[in-house]
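1. Sequence plus the predicted model coming up.
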Amino acid sequence: MTTDMGSSGSRLAEIRRVRPEDAARTRALRLEMLADAPLAFLETLADAAARPHNEYAARIAYTSAGSRNAQFIADPGGRLVGHAGGTSTPDEPGLTVIYAVYVTPTWRGSGLLGELIDGVAAWSQACGRPELLLEVVVGNDRAYRAYQRLGFKDTGVRVPHPTIPALTELQMRRPA
């Protein structure tokens, strides 16, 4: 899969599963994600920055293969510009939970979000999981509308944010 950057029409990003050699670039993207949207992810920028490179490398190696966990990246060559992860859940064997979705600001509106979600969806289907779930912080209307455009429906389920007690997340689902 490739996505055009949008108005420039000159750059494309390949959407693919991470590979072990992507560890350093994936770490750089993770730090960007946390700096840009600190409430959207489950760790702080300081904690992520303090983690040794070998821990990032081990996580990337783990998510580069197999059916339990996967990370997909948008790679235009050079710096990575998008990420979406997926994980299985023992409670619902037919479900993939999407996590850590991010598109760098200059690529927002380019179609990259949909292609990243499609990457996770194709992997989920190949693993025998026909449904996707993600959580959005209540009040993050931009993300909510973007996921609605991609076919996600608000389930009505609200859950506490896992690290910030003052926030609530809403669950959205769609077929993979």
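-> Cool, got the structure.
2. strands paired with the helix or strand Ala74 falls within, and their directions?
-> Counting by DSSP states H and E, the element that carries Ala74 is strand 69-75. Strands adjacent to strand 69-75 in the sheet, as given by DSSP bridges, are strand 12-17 (antiparallel), strand 82-88 (antiparallel).
3. Just the residues contacting whichever helix or strand comes after the shortest one, thanks.
-> Sequence order places helix 23-36 as the next helix or strand after strand 12-17, per DSSP H and E. Outside helix 23-36, the residues that touch it by C-beta atoms under 8 Å, 6 or more residues apart in numbering are 18, 40-41, 43-45, 48-49, 53, 56-57, 60-61, 71, 73, 75, 79-83, 100, 102, 104-105. Using the backbone N, CA and C atoms, a C-beta is placed for each residue, glycine as well.
4. at 6 Å instead, please
-> Val18, Phe41, Leu45, Ala48, Tyr56, Ala57, Ile60, Leu80, His83, Tyr102 (C-beta atoms under 6 Å, 6 or more residues apart in numbering).
5. Buried residues of that helix, list them for me.
-> Ala23, Arg25, Thr26, Arg27, Leu29, Arg30, Glu32, Met33, Leu34 (16 or more other C-beta atoms under 10 Å).
6. any idea how far it is from the chain center?
-> 12 Å (C-alpha atoms, centre = their mean, to the nearest Å).
7. C-terminal to that helix, what's the next element?
-> With DSSP H and E, the next secondary element past helix 23-36 is helix 45-50.
8. And that next one, what does it pack against?
-> Applying 3 or more C-beta pairs under 6 Å, 6 or more residues apart in numbering; DSSP states H and E, one finds that helix 45-50 contacts helix 23-36.
9. I'd like the average pLDDT over stretch 63-78.
-> Taken as a whole, stretch 63-78 carries a mean pLDDT of 95.
10. List the buried residues in it.
-> Buried residues in stretch 63-78 (16+ other C-beta under 10 Å): Thr63, Ser64, Asn69, Ala70, Gln71, Phe72, Ile73, Ala74, Asp75, Pro76.
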